[in-house]
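Student: When you get a sec, could you give me coordinates for this:
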Amino acid sequence: MKVSRQEAEENRARVVLKAGELFREYGFDGIGIADLMKAAGLTHGGFYGQFKSKVDLAAEATRQALALNAANWRQTIGHTRDKALKAIAGMYLSRPNLIFKAKGCTLASLCADASRQGEAVQSVFAEGIENHLQLLQEIIDGNGDEDKRRKSIVVLSQMVGGMTLARAVGDTPLAEEILATLRNKLETRH
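Tutor: Residues are numbered from 1 along each chain as shown. Down below sits the predicted model:
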């Protein structure tokens, strides 16, 4: 059955969104094309009419997932301008972000996988990391742009690294200890 151009665009958007969630949940290599398409409510056969390869989908889905993460940060910053770093740390280093990987941070979920995906995915991560650093630079105190940049790199690394460690130990007291320690450190530091 032939689908309209609009239906094809809607199907593609649904696949990209669902792939972003499933990649965050299972990793790039943890889910196949057939399961991605099934989760989006489509058949496996339609994949190659929409995407050149799984890597093509991974890059596009990651770009969208990182943009959604950055949009959440922007929204939080907009609502909490004077205490934005505290709010970002509280949101990021939270139990929901620990538990719900599919809707959570793309950086904590996929950075390690990205290092094995090649240039297409790595360039998307470089862009996404840069966007997150720029958001942090807007809210971090510092002595000039270079100092703010260095502090932003440290803060982003602490948050992503902390979430990665917390997720590695599962939903345990150690995970909460890691997250609480970093939240406290970030709240009192800047």
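
Student: Show me which positions of the least confident helix or strand in the chain by mean pLDDT end up buried.
Tutor: Every helix and strand of the chain was ranked by mean pLDDT, DSSP states H and E. The lowest is helix 47-50, at a mean of 83. Within helix 47-50, the residues that qualify as buried are F47, Q50, counting by 16 or more other CB atoms under 10 Å. For glycine as for every other residue, the C-beta is placed from the backbone atoms N, C-alpha and C.

Student: same question, stretch 80-87
Tutor: Applying 16+ other CB under 10 Å to stretch 80-87 flags T80, A84, L85, K86, A87 as buried.

Student: can you tell me which of the residues you listed are in helices?
Tutor: Among the buried residues of stretch 80-87, DSSP state H puts A84, L85, K86, A87 in helices.

Student: for the residues you listed, which one is nearest T164?
Tutor: L85 (19.7 Å; CB to CB).

Student: The closest one contacts R183, doesn't it?
Tutor: No: if you go by CB atoms under 8 Å, L85 and R183 don't touch, sitting 10.7 Å apart.

Student: So which residues of this structure form helices?
Tutor: Using DSSP H, helices in the chain cover 5-26, 33-39, 47-50, 54-79, 84-92, 95-99, 106-114, 119-139, 145-168, 173-189.

Student: same for the shortest one, what does it pack against?
Tutor: Okay, so that is helix 47-50. Here helix 47-50 touches helix 5-26, helix 33-39, going by 3 or more CB pairs under 8 Å, 6 or more residues apart in numbering; DSSP states H and E.

Student: tilt between the longest one and helix 119-139?
Tutor: Spelled out, it's helix 5-26. Following axes from the mean of the first three to the mean of the last three CA atoms, to 10 degrees, one obtains 80 degrees for the angle between helix 5-26 and helix 119-139.

Student: Output helix 5-26 in PDB with nothing but the alpha carbons.
Tutor: The C-alpha trace of helix 5-26 is given here as PDB (Å, rounded to 0.1, in the frame of the first residue of the first chain):
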ATOM      1  CA  ARG A   5       4.400  12.000   1.400                       C
ATOM      2  CA  GLN A   6       3.000  13.300   4.700                       C
ATOM      3  CA  GLU A   7       2.500   9.800   6.100                       C
ATOM      4  CA  ALA A   8       6.100   8.900   5.100                       C
ATOM      5  CA  GLU A   9       7.400  12.000   6.900                       C
ATOM      6  CA  GLU A  10       5.300  11.200  10.000                       C
ATOM      7  CA  ASN A  11       6.600   7.600   9.900                       C
ATOM      8  CA  ARG A  12      10.200   8.700   9.600                       C
ATOM      9  CA  ALA A  13       9.800  11.100  12.500                       C
ATOM     10  CA  ARG A  14       8.200   8.300  14.600                       C
ATOM     11  CA  VAL A  15      11.100   6.000  13.800                       C
ATOM     12  CA  VAL A  16      13.700   8.700  14.600                       C
ATOM     13  CA  LEU A  17      12.100   9.500  18.000                       C
ATOM     14  CA  LYS A  18      11.600   5.900  19.000                       C
ATOM     15  CA  ALA A  19      15.200   5.000  17.900                       C
ATOM     16  CA  GLY A  20      16.500   7.800  20.100                       C
ATOM     17  CA  GLU A  21      14.700   6.300  23.000                       C
ATOM     18  CA  LEU A  22      15.700   2.700  22.300                       C
ATOM     19  CA  PHE A  23      19.300   3.500  21.600                       C
ATOM     20  CA  ARG A  24      19.500   5.300  25.000                       C
ATOM     21  CA  GLU A  25      17.900   2.300  26.600                       C
ATOM     22  CA  TYR A  26      19.900  -0.500  24.900                       C
END
